[in-house]
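> Just the structure for this:
(chains A and B)
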2 protein chains.
Amino acid sequence: MSAIGRLDGQTMNAPIDAYTQLERRFRRLALVGQAAAVLHWDRATVMPPGGAAARSEQSAELALLRHEMIGDPALAELLDTAETAAADLDLWQAANLREMRRRWRRETAVPADLVAASVKANQASEMHWRQARPANDFAGQRPYLERVLALVREAAQARAEALGLAPYDALLDGYEAGLTGAAAEPILAELAAFLPPFLDRVLARQAELGPALPLTGSFPRAAQKRLGEQLMRTLGFDFEHGRLDESHHPFSGGVPDDVRITTRYEDDDFSSALLAVLHETGHALYAMHLPPAWRYQPVGEAMGMLVHESQSLIVEMRACRSDAFLAYLAPLLRDAFGVDSPAWAPENLARNFRRVSRDLIRVDASEVTYPLHVILRYRLEQAMLAGELAVGDLPGTWDDGMQALLGVRPPDLRRGCMQDIHWFSGAFGYFPTYTLGAVAAAQLFEAASRDADLESAVAEGDFRPLTRWLGEQVHGRGRLHENYDALLLEATGQPLHAAPFLAHLERRYGG
Amino acid sequence: MSAIGRLDGQTMNAPIDAYTQLERRFRRLALVGQAAAVLHWDRATVMPPGGAAARSEQSAELALLRHEMIGDPALAELLDTAETAAADLDLWQAANLREMRRRWRRETAVPADLVAASVKANQASEMHWRQARPANDFAGQRPYLERVLALVREAAQARAEALGLAPYDALLDGYEAGLTGAAAEPILAELAAFLPPFLDRVLARQAELGPALPLTGSFPRAAQKRLGEQLMRTLGFDFEHGRLDESHHPFSGGVPDDVRITTRYEDDDFSSALLAVLHETGHALYAMHLPPAWRYQPVGEAMGMLVHESQSLIVEMRACRSDAFLAYLAPLLRDAFGVDSPAWAPENLARNFRRVSRDLIRVDASEVTYPLHVILRYRLEQAMLAGELAVGDLPGTWDDGMQALLGVRPPDLRRGCMQDIHWFSGAFGYFPTYTLGAVAAAQLFEAASRDADLESAVAEGDFRPLTRWLGEQVHGRGRLHENYDALLLEATGQPLHAAPFLAHLERRYGG
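Numbers count the residues shown, from 1 in each chain, chains lettered A, B, ... in the order given. Here you go, the predicted structure:
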């Protein structure tokens, strides 16, 4: 009999009481996490540079508090007690308890001082990177990245031991629970084999067709923002519960009841901001449609980044780069920017929005080349984690990898290994979720298309059939499924596999 | 010998170790407080309405965490131990320990559930008030205010018992440590006696001079904002460490390294936004110039709202409504708004910026009538706290009070008892600090003027002599002084008294 049972003298109900107490404790944890999410949004959007050091301390303190709250020995005892009667819990409660234990395992595997040191090192490195990237200053950034990597390796090792995983798997598991290198490897290998010759073929076909008409013009930021907000509404984004802002790197943040997405504007190109808005809206809809009855509980949160990315890519890549959507979009662009020439016809929009090239920059890459960017990073981060690639050797190894995979060599560091925020802010093991998310997106979209005529609806700007299906199969489920594969199995009839993605690429780009 | 001393086996140093451990704990408390300050700024400036409920939960959780951190029995033991050797601490450390104890006393006097209930009730009431005020809907607001008042009374009673103070003094002490009704009463009584006949005299003189030329025009928000930022820079505001934004009610928030002030714009009147910017910049300079060596410690924070208000009023009322500043401002207004007529001459600006009337709205009131607004609220909140005035009777009693003190009767509730956010968000005992702050501002400005020729400098837009004096006497001292009276005594040679304020009013408005 546990101390918990004795406290209220109802030994028969002790496990259920323990579960109820766990809900209370995890609710508090979630609220501190939400506060941290607001601080994160603020830092990326509005914080003046001189606030960085204090913000870093504030965020580290909130991380430390959460670490202490979850590491409280009384919580471990409550978990033990609650698990003795997990059979008495309903489906959602049982999944909630499973997610609590999962979180507890990950979090208690790492000591508090390492958590705090990591938060600070990551923020310091990220702040430095913001200046170092445009300056191509890898030498100045290097000690920051070395510090970050050292702490990442230390935490990965600690988690690997506690979770019985390889260190890289312990990192992957932090971005998508249950994801392993063994699961990722065959899918990424299939893409690594398929894509380089496919890319040659796509580029040859594109060359035959000749260049698309360029979408030139002047695109005032206010007009870009208005159009973005209009399309967000069309997609179902609720501005009573969210915002659109600007940041250095687009992201979806905030909390489920107050979802904050960002984009960045260029005066001579509307498409980069617009596509980022569509992408982040896909993430936002997931957050907005999480099960309200489970707000502030682990089971009420979204799955990991693989599933999250599938939701953004379904919106951005599958729905919004389709012929159906571009026909709907064309008149909106004419109204928003006062443009009217053959370049703005849906067919030419499609040729612009689906242009494939041997690009240097991941975030500007097409569906065809994006996985190659990810595969490079996946290989390099594994090597760095294993101690086989020193930070100092990263730039050259990166450039060689680009040459081998994409057939191009970066002319400078900001278009080479310094382009992404991830490693510089401590996010190792994150990149694979992008491409596995694209694979999941294709699989989910294929299944959704079996159940409803998505294309006709999208052609009229009606996203309800799509978002209803996603709401039922993904958004409203929270973390009810044990992992991404269980979710895909129920939603599509199969676990994660590359075929729908390859078929989609072949159909859209193969000619 | 305490448990603390035994822990590291150095019994001789136990009190000093205890002090060092207290610094660590209060640093963590300060960081959680800073996180809460960012959430507060966000709620007032950018949060979408649908985020309110979640924000309320987040803020309540942070308040609860701070309450638990300061209420930890180990912290009480550390205080006891450290105090046994307070004589070994230096001046700043000793003041820091005194402030720690003070905070501990206030915070532990109130149980955690009351803290959490208050935060939630205050936020719910404030959110409701935002709609109820423009709708003149006191009936709908009444249950919210009753709930808020009930919790304020409960907390005041608990603190009164713990601190050995009267309940209203326990509230005042929360806004300015050591302030009591006994100290406030004679000063407010002196003003209540002086001002009504003085107001008659000022208005008669104003009538003799005839109306000022109106400052009419169209004032684009972007131009208003640019001018505001320009003047903030002139005053010494550092935009590397701060921002200017918009909110419903102007305020100064954020944290010392990232000070966020707000204003609100009207298209046909530039002066309300501008004067709010000048006022809030006075607060901001205090926050920005707090002693960096004591960041995150209680002694490194600002004094209470009385001293804080003196800093904003020195800038807004004393410096920026002076003839010297208005002569400097006149050409800036011409440049900012493209205006150029006799109305924009410094003399006519002065007649506009120093106009006195029997106004209904506190925040628009002149220096002459503002104290009468405060005296009304001071009397009413004392009566509500004592249970002598029911919330339901507030509107009528308010209107009678306005009639008696200012000779006007509000035509509706939004210009009557619903105009201010304070009570509706739980801030009882706050109002007196505005007028006592004005009294302190006059006293400090008089002393500063003895040491430097402030007027000649201000006439050239040079605020350095003023801010240097304030930095030495007020900003850089943090909470080194035991209370506001000790600060005034050292800075001016006398405790707080009304004479310099009355002399200033006589000089500027008496004719």
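> use CA for all of it now, contacts and neighbours both
Will do.
> Report the contact partners of the most centrally placed residue in chain A.
Closest residue to the average C-alpha location of chain A: A:M305 at 4.2 Å, with C-alpha atoms, centre = their mean. Listed by C-alpha atoms under 8 Å, 6 or more residues apart in numbering or on different chains, the contact set of A:M305 reads A:Y175, A:E176, A:Y430, A:T433, A:Y434, A:G437.
> I figured the second one hits A:A302, correct?
No. Between A:E176 and A:A302 there is no contact, the gap being 10.2 Å when judged by C-alpha atoms under 8 Å.
> Would you map the helices across the stretch 351-500 of chain A?
For the stretch 351-500 of chain A, the helices defined by DSSP state H, counting those that start in this stretch occupy A:370-385, A:394-406, A:432-451, A:454-459, A:464-473, A:484-492, A:499-509.
> Against which helices or strands is the first one packed?
Read it as helix A:370-385. Secondary structure elements in contact with helix A:370-385, counted by 3 or more C-alpha pairs under 8 Å, 6 or more residues apart in numbering or on different chains; DSSP states H and E, are helix A:138-163, helix A:167-175, helix A:181-209, helix A:394-406, helix A:432-451.
> Next: the longest one.
For helix A:432-451, the packing partners by 3+ C-alpha pairs under 8 Å, 6+ apart come out as helix A:181-209, helix A:305-313, helix A:370-385, helix A:464-473, helix A:484-492, helix A:499-509.
> What residues of the last one count as buried?
The reference is to helix A:499-509. Neighbour-count burial for helix A:499-509, counted by 16 or more other C-alpha atoms under 10 Å in any protein chain shown, picks out A:P500, A:F501, A:L502, A:H504, A:L505, A:Y509.
> just checking, the first one touches A:A447?
No. Taking contact to mean C-alpha under 8 Å, the distance of 9.7 Å between A:P500 and A:A447 leaves them out of contact.
> can you tell if the lengthiest helix in chain A touches chain B?
Using DSSP state H, we find that the single longest helix of chain A is helix A:14-45. Yes. With C-alpha under 8 Å from any C-alpha of the partner chain as the criterion, chain B is reached by helix A:14-45 at A:R28, A:L31, A:V32, A:Q34, A:A35, A:V38, A:L39.
> and which of these is nearest B:Q131?
A:V38 (24.8 Å; C-alpha to C-alpha).
> Next, find the distance separating that closest one from A:R351.
Using C-alpha to C-alpha, to the nearest Å, A:V38 is found at 39 Å from A:R351.
> can you redo the helices and strands packed on helix A:370-385 as a markdown table with mean neighbour count and mean pLDDT?
Listed next are those as a markdown table, based on neighbours: other C-alpha atoms under 10 Å in any protein chain shown; pLDDT from 0 to 100:
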| stretch | mean neighbour count | mean pLDDT |
| --- | --- | --- |
| helix A:138-163 | 19 | 97 |
| helix A:167-175 | 23 | 97 |
| helix A:181-209 | 15 | 97 |
| helix A:394-406 | 18 | 97 |
| helix A:432-451 | 22 | 97 |
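> related to what we said a few turns ago, who wins on neighbours among the residues of helix A:14-45 next to chain B?
Using other C-alpha atoms under 10 Å in any protein chain shown as the neighbour test, the residues of helix A:14-45 next to chain B are led by A:A35, with 26 neighbours.
> check contacts around that residue.
B:A35, B:L39, B:Q58, B:S59.
> got a list of what the last one touches?
It stands for B:S59. A:A35, B:A36, B:L39, B:V119 are the contacts of B:S59 under C-alpha under 8 Å, 6+ apart.
> what about it, which helix or strand?
helix B:52-71 (DSSP states H and E).
> Report all helices and strands that the next helix or strand after that helix contacts.
As assigned by DSSP H and E, the chain's next helix or strand after helix B:52-71 is helix B:73-83. Using 3+ C-alpha pairs under 8 Å, 6+ apart, the elements in contact with helix B:73-83 are helix B:14-45, helix B:91-108.
> Figure out which of the ones you listed is closest to A:D238.
helix B:14-45 (17.7 Å).
> how far out from the middle of the chain is the closest one?
Chain-centre distance of helix B:14-45: 21 Å, with C-alpha atoms, centre = their mean, to the nearest Å.
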